[in-house]
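Visitor: what follows is a predicted protein model with its sequence.
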There are 2 protein chains.
Amino acid sequence: MGKAIPSRSEDYSEWYNELVKKADLAEHSAVRGCMVIKPYGYAIWEKMQAQLDKMFKDTGHSNAYFPLFVPKSYLSKEADHVEGFAKECAVVTHYRLKNAEDGSGVVVDPEAKLEEELIVRPTSETVIWNTYRNWIQSYRDLPLLINQWANVVRWEMRTRLFLRTAEFLWQEGHTAHATKNEAVEETVKMVNVYAEFAEKFMAMPVVIGVKTESERFPGALDTYSIEALMQDGKALQAGTSHFLGQNFAKAFDVKFANKEGKLDLVWGTSWGVSTRLMGALIMAHSDDEGLVLPPNLAPIQVVIVPIFKGDEQLNVLNETVNPIVKALQDKGISVKYDNRDTHKPGWKFAEYELKGVPLRIAIGPRDLENGTIELARRDTKTKEVVSIDGIVDIVGNRLKDIQDNIYQKAYDFRTSLTTKVDSYDEFKRVLDEKGGFILAHWDGTPETEEKIKNETKATIRCIPVDSQEEEGKCVYSGKPSNMRVIFARAY
Amino acid sequence: MGKAIPSRSEDYSEWYNELVKKADLAEHSAVRGCMVIKPYGYAIWEKMQAQLDKMFKDTGHSNAYFPLFVPKSYLSKEADHVEGFAKECAVVTHYRLKNAEDGSGVVVDPEAKLEEELIVRPTSETVIWNTYRNWIQSYRDLPLLINQWANVVRWEMRTRLFLRTAEFLWQEGHTAHATKNEAVEETVKMVNVYAEFAEKFMAMPVVIGVKTESERFPGALDTYSIEALMQDGKALQAGTSHFLGQNFAKAFDVKFANKEGKLDLVWGTSWGVSTRLMGALIMAHSDDEGLVLPPNLAPIQVVIVPIFKGDEQLNVLNETVNPIVKALQDKGISVKYDNRDTHKPGWKFAEYELKGVPLRIAIGPRDLENGTIELARRDTKTKEVVSIDGIVDIVGNRLKDIQDNIYQKAYDFRTSLTTKVDSYDEFKRVLDEKGGFILAHWDGTPETEEKIKNETKATIRCIPVDSQEEEGKCVYSGKPSNMRVIFARAY
């Protein structure tokens, strides 16, 4: 186990870094900026994937797979898109290595230079819309509702495990529609799917909102996002859904014959979440002892630790525990019985605490006599002694309680860290002293947004979709405003 | 639908190419050698993935994810490996683009040259063993049983959809063990998992065998493979499992303290199957009308086509069919009710035949009167009229029958195309006139193997693990041999 992780109050940033490593979630690889997702971390990601994939399919989407490489010229076809994505990226220039003449290893073969460089996809709009041109002829081919699970590369200079890495895993939905309305509906539908996933599975409350023009996806007419609040009072954008208008259809000449037989440009959306969600999950709930995982995403929901001396006691315990394991599994509960004799119970308790296992069952010879076991909750650190009879139902109920409690705790935390401010002084004071979401009036101009950002490092996270109209004055310029937006410092 | 695909006898190669495209499985992308896997093709791949993933987990493996990029120097660390993989590959040399000065688009920024080039992984042994060095200290860390699902790139010059593409999707298992025996056992276990998957799910009989030295994975001490026979009499290697010995442990200095506290090199294996399996699946069973999919991997197992004129008839049919759909789904059967009025029944019949849907149900007003429906099997093209009562059980049974029949048909075909030959003349004659697997004696030398390959294009597919010892003479050299090996022309 090694030494403990730093506390959150001591050094939040180091707490996160160490927790990710100590809990065996991920580590830096030898390749700059790329991470290795370790089995325990990947198991959580697989649970996220499975649930999201189900939600995408339930909303009519199919998966497909498009190439890793984007021809350089494709990036230039949509003007905003190239500005946003053609900068820091991995460029493939050659397709062969050869043995070095001095025998020192292999070198790039200068003869094998590509005519046109290939970019490792930072996102796939260009490749996919280039393909859609051949798939779409008529309104009968629409809507086209496709998702892909893939790796992408953005050459980030400062990287942090899960939060910002050069290579990351994600899903990207790319849909094509006959009408503007349909495309807007799809954009909104998918940001709502993300919000539902975040809240019901990650137990993480989010605000759904629209991005300001300067924070929009390059090439989009509108970007919706879900914004979550981390325990250090900083915001984290956890998923985005873009209304692309006809921009990519224009760039790649994707037209369809409408019902009247007239050719029209196709309307598009794209939407994605990534392994960044892992960072959000960790930072939203975990504590100084380690991970706190919501049961709906925990690879191990229940761990059973026997307290015993010698094989004889263990054998007796096994006889009681094995049927419990079976009964829990039959209920679809993921359970691990850790009856190794190479580690002491105290070591195991700390280990599963670090790994965020929601529920721990301890059982020893004394419990057997009494027909009881001890249940310990990871989220509240409370213990209770319960009868072995009916343990399956109790475990099921406690897991539900834990899921709800983790959400409620994060929700209450966010409520306590959401502040309405009405002056720039107050804005700066709350930002520095308290952090969190700041609801403030803004005059709607990119200039003001930029100035506030430069002066305070706070950005407009979003204009919440459920904002109420309210007359007010911009905290910065004093100009009139009719709605509060959310400012925060962000990951 | 466009025009029909060529028949197999006419042009097997074109039959395959057209079938892959017409059945909406995949297509070439604008990026040389890379394919787009279309939703219907990807749905089959997802079914393969789900089953394989389950089998890997049932045998104790966990998934993880390692970086896309391999530093160039890593490839040189294992001598055979670099010879095998450092040649045709995608090389990343730069990490930034910039706007061209003449405004013509974006160009590679010469300032942003990587100190060391990165190779897009052709396989991940080097990156993974470099990581394992830090994960393995003691025998208690072993075995390490890890798999990853990933994309890989090998710069193939001549590509064919699914069979050979520059980028493909695959899984690669990488395991580390304390003893040679354990690693050998793992190698054999996993080739058996592949064989079980091929036979029970793909309905494709395979031979399990050991590769000759010249066909071994670069860096392995032994390579096991499963070899299948396609309908044109050519063999297809469908999966491989490699015993790596201590080669990669040596190259990356991966040592562990054994139970006696002594440092020892770790033993390794790796094993993989790829989207190539899609090619095998298509070529093993399909016919001149289109795909023939085994029910265990068919995205749609049953399609129901109503025969109707006008909304009134359709509404009446819907009342009967909707509960059937529900009942089939409750049994875990994947069913599609295609009651579109935009296409005629005949068009739908042809479409689902092309797509390889195992079972088709047709139902019209006359059937309703009689309480019957028509069942049509894709594999045998036979039809039967059955009572609507008990349809769920009948469908379940027919799907099992189809799965078994497809396997049996492929098995009988392979039997008919497996020939023992005892002279080189016979060898060449059988190869040219009949094709298939040729069981022949071989003197065990790479020289003979090479000569036969150059003269006939037949390679030794494998030395079957269940071969019987048998004294004989090499068909080529006449030298003594104690076992027959399998020769074939291969994909």
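Guide: In hand now; what should we look at?

Visitor: can you map out the strands along the stretch 51-200 of chain A?
Guide: A:62-63, A:69-71, A:88-99, A:106-108, A:113-120, A:144-153, A:167-177 (DSSP state E, counting those that start in this stretch).

Visitor: run the angle between the third one and strand A:167-177 for me.
Guide: In other words, strand A:88-99. Relative orientation of strand A:88-99 and strand A:167-177, computed by axes from the mean of the first three to the mean of the last three Cα atoms, to 10 degrees: 120 degrees.

Visitor: report the strands that pair with strand A:88-99, each with its relative direction.
Guide: Strand A:88-99 sits in its sheet next to strand A:106-108 (antiparallel), strand A:113-120 (antiparallel), strand B:88-99 (antiparallel), going by DSSP bridges.

Visitor: picking up where we left off before, any idea which of the strands of the stretch 51-200 of chain A is most buried?
Guide: strand A:69-71 (a mean of 25; mean count of other Cβ atoms under 10 Å in any protein chain shown). Placement of C-beta: from N, CA and C, glycine included.

Visitor: quick revisit: how about the strands paired with strand A:88-99 in CSV, adding distance to residue A:258 and mean pLDDT?
Guide: What follows is the strands paired with strand A:88-99, written out as CSV (distance: least, Cβ to Cβ, whole Å; pLDDT from 0 to 100):
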stretch, distance to residue A:258, mean pLDDT
strand A:106-108, 50, 92
strand A:113-120, 34, 96
strand B:88-99, 37, 94
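
Visitor: got a markdown table for these, with distance to residue B:243 too?
Guide: Output for these, formatted as a markdown table (distance: least, Cβ to Cβ, whole Å):
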| stretch | distance to residue B:243 |
| --- | --- |
| strand A:106-108 | 26 |
| strand A:113-120 | 33 |
| strand B:88-99 | 24 |
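
Visitor: who wins for proximity to residue B:119 among these?
Guide: Nearest to residue B:119, of all these, is strand B:88-99, at 5.1 Å by Cβ to Cβ.

Visitor: could you give the angle of that closest one to strand B:144-153?
Guide: Here the directions of strand B:88-99 and strand B:144-153 differ by 60 degrees (the same axes, to 10 degrees).

Visitor: any idea how far residue A:228 is from chain B?
Guide: Counting by Cβ to the nearest Cβ, to the nearest Å, the gap from residue A:228 to chain B is 23 Å.

Visitor: can you tell me the centre-most residue of chain A?
Guide: Nearest to the mean C-alpha position of chain A, by Cα atoms, centre = their mean, lies residue A:277 at 1.5 Å.

Visitor: next, the angle from whichever strand or helix holds it to strand A:167-177.
Guide: Using DSSP states H and E, residue A:277 sits within helix A:276-285. On the basis of the same axes, to 10 degrees, helix A:276-285 is oriented at 110 degrees to strand A:167-177.

Visitor: whichever helix or strand residue A:41 is part of packs against which elements?
Guide: Counting by DSSP H and E, the element that carries residue A:41 is helix A:39-58. Contacts defined by 3 or more Cβ pairs under 8 Å, 6 or more residues apart in numbering or on different chains; DSSP states H and E place helix A:39-58 against strand A:144-153, strand A:167-177, helix A:180-200, helix A:276-285, strand B:62-63.

Visitor: report the buried residues of it.
Guide: A:39-49, A:51-53, A:55-56 (16 or more other Cβ atoms under 10 Å in any protein chain shown).

Visitor: between these, which sits nearest residue B:175?
Guide: residue A:39 (12.4 Å).

Visitor: which residues of chain A score low on pLDDT?
Guide: A:1-3 (pLDDT under 70).

Visitor: now do the strands in the stretch 351-491 of chain A.
Guide: A:359-363, A:372-377, A:383-387, A:418-420, A:437-441, A:459-464, A:472-473, A:480-481, A:484-488.

Visitor: burial count for the closest residue to residue A:473 other than its chain neighbours?
Guide: Spatial nearest neighbour of residue A:473, excluding adjacent residues (Cβ to Cβ, 6 or more residues apart in numbering or on different chains): residue A:441 at 5.8 Å. Using other Cβ atoms under 10 Å in any protein chain shown, residue A:441 is surrounded by 24 other residues.

Visitor: residue A:441 bridge partners, please.
Guide: Beta-bridge partners, per DSSP bridges, of residue A:441: residue A:484.

Visitor: that one reaches residue A:424, doesn't it?
Guide: No: using Cβ atoms under 8 Å, residue A:441 is not in contact with residue A:424, being 10.7 Å away.

Visitor: which residues do the two both contact?
Guide: Counting by Cβ atoms under 8 Å, 6 or more residues apart in numbering or on different chains, the contacts common to residue A:441 and residue A:424 are residue A:475.

Visitor: before we move on, back to that, the residue nearest to the centre of chain A reaches residue A:49, doesn't it?
Guide: No: at 10.0 Å, residue A:277 does not count as touching residue A:49 under the criterion of Cβ under 8 Å.

Visitor: nearest to chain B: which residue in the stretch 301-450 of chain A?
Guide: Relative to chain B, the nearest point of the stretch 301-450 of chain A is residue A:342 (7.3 Å; Cβ to the nearest Cβ).

Visitor: domains in chain A, by residue range?
Guide: A:25-65+A:123-285, A:295-413, A:418-488 (automatic domain parsing).

Visitor: point out the most buried one among those domains.
Guide: When the domains of chain A are compared using mean count of other Cβ under 10 Å, domain A:25-65+A:123-285 is most buried, at a mean of 21.

Visitor: how far out from the middle of the chain is that one?
Guide: 11 Å (Cα atoms, centre = their mean, to the nearest Å).

Visitor: what about it, start to end distance?
Guide: 15 Å (Cα to Cα, to the nearest Å).

Visitor: residue numbers of the stretch 201-350 of chain A in contact with chain B?
Guide: Within the stretch 201-350 of chain A, the positions near chain B by Cβ under 8 Å from any Cβ of the partner chain are residue A:342.

Visitor: in the stretch 201-350 of chain A, what residue spans correspond to helices?
Guide: A:247-252, A:276-285, A:310-330, A:345-354 (DSSP state H, counting those that start in this stretch).

Visitor: those helices: which one's closest to residue A:387?
Guide: Residue A:387 lies closest to helix A:310-330 among those, at 12.2 Å (Cβ to Cβ).

Visitor: before we move on, back to that, now render the strands of the stretch 51-200 of chain A as TSV, adding distance to residue B:162.
Guide: Below are these laid out as TSV (distance: least, Cβ to Cβ, whole Å):
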stretch	distance to residue B:162
strand A:62-63	17
strand A:69-71	18
strand A:88-99	21
strand A:106-108	29
strand A:113-120	21
strand A:144-153	17
strand A:167-177	22
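
Visitor: end-to-end on stretch A:413-423?
Guide: In stretch A:413-423, first residue to last residue: 24 Å (Cα to Cα).

Visitor: then stretch A:228-235?
Guide: 6 Å.

Visitor: residues touching it, excluding its own?
Guide: Contacts for stretch A:228-235 (Cβ under 8 Å, 6+ apart): A:8, A:12, A:198, A:204-207, A:227, A:236, A:238, A:280, A:283-284, A:410, A:413-414, A:417-418, A:434-437, A:461, A:486, A:488-491.

Visitor: do the same with stretch A:98-112
Guide: By Cβ under 8 Å, 6+ apart, stretch A:98-112 touches A:94-97, B:72-73, B:75-76, B:82, B:86-87, B:91, B:93, B:117.
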